[in-house]
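K.L.:
Sequence and predicted structure, then a few things I'm wondering about:
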Amino acid sequence: MEWWKQTSIYQIYPWSFQDSNGDGIGDLKGILKRLDEIQELGVETIWFSPFYQSPGEDFGYDIADYTKIDPRFGTMEDCDRLIKEIHKRKMKVVLDMVMNHTSDKHPWFLESKSSVTNPKREFYIWKKGRKKPPNNWISMVGKSGWNYDQTTDEYYYSNFLSFQPDLNYRNPKVKLAMFGVLDFWLKKGVDGFRLDIFNSIYKDESFQDNPFSLRFFPTPDNHDEAFFQKKQYNLNLPESFSFAKEVRKHITKYKHKPFLIGEVSGSDQVLKSFLGEKADGLNLVFQFELIHFQFQAKFFKQLLLKNETIFPSPYTPTYVLGNHDQRRYIDRIGGDRNKAKLLVCFQFLVRGVPIIYYGEEIGRGEGRISNFKGKDPIAKMNRFVPLFLSNLLGIYINRDNCRLPMLWDDSPNAGFTIGTSWLPLGTFQKEDTVAFQKKDPESLWNHYRVMFQIRKEWQTIREGSLDTIEMESDDVLCFARKYKDTILHVYLNFGNSREKIRIPNKTKLIYAFGGSILSGSFLELPSLSGMILQVMGSKPSRE
Ligand code: NOJ
C-alpha cells in the first residue's frame with residue numbers, strides 16, 4: 001500500500017512553533033532544534049504552513065515569491081537543511097502550496113495591474129464593470145470577490161481577501177509557471193503538497209450570477225452555499241476536478257512518490273470528484289467532520305459508516321480535529337484531556353490518515369484575543385463583532401486564538417522565544433507543557449506517543465479493513481480492524497456510566513486507558529475509558 005495512505009500528518013505553523021533568534025516569531029532554525037522531539041513523539045509526515053517570501057498580511061498565505069524563503073523564517077540554506085534533517089530521521093515533508101492566488105505584491109500581479117496590455121495581464125482575472133462589480137460572486141470571506149483597481153479602471157477577482165488576487169488557470173502560462181514551482185520543490189525532495197483552497201482554482205467562463213440560497217453561515221466542510229448564495233460559478237467547477245488529475249499526473253513523474261492533499265469543501269460527492277472516479281485525482285482531501293463533532297458514540301459510528309460507504313478502499317479518508325483556521329478541539333470539550341484521549345484513539349485507529357495540528361498533543365488551549373485586537377485579517381475585517389457573539393453563533397473569526405505559540409517548558413515564554421512573542425502565550429500551567437507531560441506516563445502527550453507507536457507497529461491499523469460492531473450500550477463505540485489473519489478491537493466509552501462488556505474469549509490486551517479493566521471474557525469500561533484488544537485464535541503474532 002502506498003506510503004501516503006498509511007502515514008499520519010503533523011501540521012506545524014512556523015510562526016508559532018519555535019523561535020531561534022529572539023525576534024518573537026518562530027523560524028526554521030527553531031524547528032530544526034525541535035526535530036528530535038518531534039521524532040520522539042512519533043511524527044511521520046510534517047506539513048508546514050507557508051514560509052515563502054510574503055508580506056505576511058495573511059501570515060504567509062499571501063505569497064510574493066514561491067521559491068524564496070521569507071527572511072522572518074530564515075534562508076534557503078536553512079530550508080535545505082531542514083528537509084535533509086527531516087529525511088535523515090525517516091520523516092516526510094509536505095509544503096503548503098497556495099496555487100489559487102498570490103499576494104498583490106507578487107511581481108506577476110504588479111505587472112498585471114500596470115496596464116491592460118501587459119504580458120502578465122492574463123495571469124489574473126480582470127473584468128470591466130460599469131461602476132459596479134461585474135457579477136454577484138461572493139468570496140469565501142463573505143464580501144464581493146471583485147476588487148476595483150483605478151490604474152486600468154477594471155476589477156480583479158479574489159475568492160479570499162482582496163490582497164490575494166486569484167490566478168487565471170485558463171491561461172496555459174499560469175499552469176506552466178505553477179508546475180515550475182512544484183518542480184522546484186519536488187527536486188529538493190519534498191514529499192508532497194497541501195493545496196490551499198483548491199476548490200477555488202477555476203471560475204466559470206460565463207461569469208453569470210450565482211443563484212440565491214437561504215444559507216448564510218459557511219461551515220468548515222461547506223463553503224458551497226453561504227452568504228445567501230449558491231456558489232455555483234465560483235467554487236467546485238468541473239475544470240477544478242480535472243485539474244486535480246492534471247497535477248497528480250504531473251507529480252507522479254517523480255520517483256520518490258510525492259502526494260497531494262487538497263483543502264476543498266463541499267458535499268461528499270464534491271470531495272470524491274476531487275479524488276477522481278478512479279482515485280486518480282488528489283491523493284487525499286481534508287475531511288472536516290471532526291471539526292464539529294458531537295461527543296457521542298453514535299456520532300463517531302455514523303461517521304465511520306458514512307466514510308466506509310462513500311470512501312471505501314482505494315480511497316483513504318482523513319480525520320482532522322483542528323488546524324490554523326479552526327477553534328482548537330480541546331476547547332470544545334472544556335479542556336478535558338480524558339475526553340481528548342478518546343477522540344485521539346478514534347482519530348488514530350480508524351482506517352485513514354490522522355492529521356494533527358501542533359499543540360494538540362499537549363492539549364494546547366485557545367487564546368482569548370478579541371476580534372478587535374486580532375492580527376488575523378479575518379478578525380480585522382470583523383473587528384466590531386464581539387468575541388462572545390461570534391462564539392455564541394459558532395463562527396470562528398479571530399484565528400490568532402488557535403495560533404498561539406507552542407508550550408515547550410517552564411522557562412520564560414514557555415521556551416518559545418527569548419524575545420517578545422508575536423502573539424501572547426495565553427494562560428497556561430507547567431502541566432500544559434511538553435517537558436512536563438513527557439515525564440508523566442498518563443499525560444496526553446504520552447497517549448499521542450502510544451497512538452503513533454501503535455500505528456507504526458500494527459499493519460492492521462495502517463492497512464486493515466474497518467467494521468463497526470453493534471454494542472448493547474449506545475455510549476460505547478466499538479470497531480474492528482482486520483488485516484490478513486490479525487484482528488484488533490477498539491472499545492471506547494463516551495458515556496457517563498461504567499459499562500461491562502462481553503468480549504471474544506481469547507484476547508490479548510494491547511493498550512488500556514482511563515481505568516478500563518480486562519477480566520476473562522469481560523471488559524469493564526469506566527466513563528471516558530478505552531481499550532485496544534487483539535482477538536486471538538487466528539494468528540496471535542504482531543506484524
Ligand atoms: C485557507 C488557509 O487555510 C487560510 O489560513 C488562508 O487564510 C486561506 N486559505 C487563504 O489562503
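P.N.:
Alright, I've got the coordinates.
K.L.:
Please settle this for me: is Lys482 part of a strand?
P.N.:
Yes: looking at Lys482 with DSSP: H, G, I helix; E, B strand; the rest coil, it is inside a strand.
K.L.:
can you count the residues close to it?
P.N.:
Number of residues near Lys482 (other C-beta atoms under 10 Å) recorded here: 17. Quick note: C-beta positions are derived from backbone N, CA and C, even for glycine.
K.L.:
Helices of the stretch 101-250 of the chain, start to end?
P.N.:
Along the stretch 101-250 of the chain, the segments classed as helices by DSSP state H, counting those that start in this stretch run 107-114, 172-187, 238-252.
K.L.:
The residue in the stretch 201-350 of the chain that the ligand sits nearest to: what's its closest spatial neighbour, skipping adjacent residues?
P.N.:
Using C-beta to the nearest ligand atom, Asp325 is the residue of the stretch 201-350 of the chain that sits closest to the ligand, at 4.7 Å. Closest residue to Asp325 in three dimensions, ignoring its sequence neighbours and counting by C-beta to C-beta, 6 or more residues apart in numbering: Arg399, at 5.6 Å.
K.L.:
so who does that neighbour touch?
P.N.:
Contacts were defined as C-beta atoms under 8 Å, 6 or more residues apart in numbering; by that measure Arg399 touches His324, Asp325, Gly374, Asp376, Ile378, Ala379.
K.L.:
residues in contact with Pro526?
P.N.:
With contact set as C-beta under 8 Å, 6+ apart, Pro526 has these partners: Asn493, Arg498, Gly514, Gly515, Ser516.
K.L.:
hmm, try it at 10 Å
P.N.:
Residues counted as contacts of Pro526 (C-beta atoms under 10 Å, 6 or more residues apart in numbering) are Asn338, Asn493, Gly495, Asn496, Ser497, Arg498, Glu499, Gly514, Gly515, Ser516, Ile517.
K.L.:
ok, the residue nearest to Asp325 to the ligand distance?
P.N.:
Look at Arg399 and the ligand: by C-beta to the nearest ligand atom, to the nearest Å, they are 7 Å apart.
K.L.:
for Phe193, same thing?
P.N.:
Computed as C-beta to the nearest ligand atom, the Phe193 to the ligand distance reads 13 Å.
K.L.:
Next, work out how far apart that residue and Arg248 are.
P.N.:
Distance, Phe193 to Arg248, using C-beta to C-beta, to the nearest Å: 11 Å.
K.L.:
thinking again about what came up before, quick check, nearest of the contacts of Pro526 to Thr427?
P.N.:
Comparing the contacts of Pro526 against Thr427 with C-beta to C-beta picks out Asn338 as the nearest, at 20.6 Å.
K.L.:
any idea of the mean pLDDT for the helix or strand hosting that closest one?
P.N.:
Asn338 belongs to helix 337-349 when assigned by DSSP states H and E. Confidence over helix 337-349, taken as the mean pLDDT, stands at 98.
K.L.:
Enumerate the positions of the next helix-or-strand element following it that are buried.
P.N.:
If you walk from helix 337-349 toward the C-terminus, the next helix or strand you reach (DSSP H and E) is strand 353-357. In terms of neighbour count (16 or more other C-beta atoms under 10 Å), strand 353-357 has its buried residues at Val353, Pro354, Ile355, Ile356, Tyr357.
K.L.:
and the two most separated of those residues?
P.N.:
Pairwise distances among the buried residues of strand 353-357 were taken by C-beta to C-beta; the largest, 13.8 Å, belongs to Val353 and Tyr357.
K.L.:
okay, and the common contacts of the two?
P.N.:
Common neighbours of Val353 and Tyr357, counting by C-beta under 10 Å, 6+ apart, are Ile9, Val320.
K.L.:
next one: phi and psi at Leu523?
P.N.:
Here the main-chain torsion angles of Leu523 (degrees, to the nearest 10) amount to phi -130, psi 130.
K.L.:
Same question for Leu393.
P.N.:
Summarising the backbone geometry of Leu393 under the convention degrees, to the nearest 10, its torsions are phi -80, psi -10.
K.L.:
Tell me which residues touch it, please.
P.N.:
So Leu393 contacts Phe216, Phe217, Val385 (C-beta under 10 Å, 6+ apart).
K.L.:
where in the protein is pLDDT low?
P.N.:
Counting by pLDDT under 70, the chain has low-confidence residues at 220-221, 537-543.
K.L.:
which bits of it sit near the ligand?
P.N.:
Applying C-beta under 6 Å from any ligand atom, one finds that the chain approaches the ligand through Asp58, Tyr61, Val98, Phe160, Asp196, Ile197, Glu263, His324, Asp325.
K.L.:
Go again with 5 Å.
P.N.:
Selection of the chain residues close to the ligand by C-beta under 5 Å from any ligand atom yields Asp58, Tyr61, Phe160, Asp196, Ile197, Asp325.
K.L.:
got a list of what the residue in the stretch 401-543 of the chain that the ligand sits nearest to touches?
P.N.:
Sorted by distance to the ligand under C-beta to the nearest ligand atom, the residues of the stretch 401-543 of the chain start with Arg403, at 9.4 Å. Contacts here follow C-beta under 10 Å, 6+ apart; on that basis Arg403 touches 13, 15-16, 49, 59, 323-325, 328, 357-359, 366-367, 369, 375-376, 422-423.
K.L.:
Quick check: it vs Phe299, distance?
P.N.:
Distance of Arg403 to Phe299, given as C-beta to C-beta: 27 Å.
K.L.:
go on, Tyr396?
P.N.:
When C-beta to C-beta is the yardstick, Tyr396 and Phe299 sit 20 Å from each other.
K.L.:
And Phe1, how close does it get to the ligand?
P.N.:
Heads up, residue 1 is Met, not Phe. 28 Å.
K.L.:
residues in contact with that residue?
P.N.:
For Met1, the residues meeting the contact criterion (C-beta under 10 Å, 6+ apart) are Ser313, Pro314, Thr316, Gln459, Arg462, Glu463.
K.L.:
Gln287: which of those is nearest?
P.N.:
Closest to Gln287, out of all of the contacts of Met1 and judged by C-beta to C-beta, is Thr316, at 10.1 Å.
K.L.:
Helix or strand: which one has the closest one?
P.N.:
Assessed by DSSP H and E, Thr316 sits outside every helix and strand.
K.L.:
can you pull the contacts of it?
P.N.:
Contacts here follow C-beta under 10 Å, 6+ apart; on that basis Thr316 touches 1-2, 4-7, 275, 279, 283-285, 307, 351-353.
K.L.:
most surrounded residue in those residues?
P.N.:
Ranked by neighbour count under the definition other C-beta under 10 Å, the contacts of Thr316 are headed by Val285 with 29 neighbours.
K.L.:
Look up phi and psi at that residue.
P.N.:
When read as degrees, to the nearest 10, the backbone of Val285 gives phi -130, psi 150.
K.L.:
Tell me the spacing between it and Thr117.
P.N.:
As defined by C-beta to C-beta, Val285 lies at a distance of 39 Å from Thr117.
K.L.:
What of Gln6?
P.N.:
Gln6 sits 52 Å away from Thr117, taking C-beta to C-beta as the criterion.
K.L.:
If we go by neighbour counts, what in stretch 290-308 is buried?
P.N.:
By neighbour count, and taking 16+ other C-beta under 10 Å as the criterion, the buried residues in stretch 290-308 are Leu290, Ile291, Phe293, Phe295, Ala297, Phe300, Lys301, Leu303, Leu304, Asn307, Glu308.
K.L.:
Now for the residues you listed: which two are most distant?
P.N.:
When C-beta to C-beta is used, the two most widely separated members of the buried residues of stretch 290-308 are Phe295 and Glu308, lying 21.3 Å apart.
K.L.:
and the residue most central in space within the chain, what is it in contact with?
P.N.:
In the chain, the centroid-proximal residue (C-alpha atoms, centre = their mean) is Asn323; its distance is 4.9 Å. Asn323 makes contact with 11, 13, 47, 49, 194, 220, 263, 286, 288, 291, 355-358, 360, 399, 402-403 under the criterion C-beta under 10 Å, 6+ apart.
K.L.:
what about it, distance to His292?
P.N.:
Asn323 sits 13 Å away from His292 when distances are taken as C-beta to C-beta.
K.L.:
now Gln326
P.N.:
With distances taken as C-beta to C-beta, Gln326 is found 9 Å from His292.
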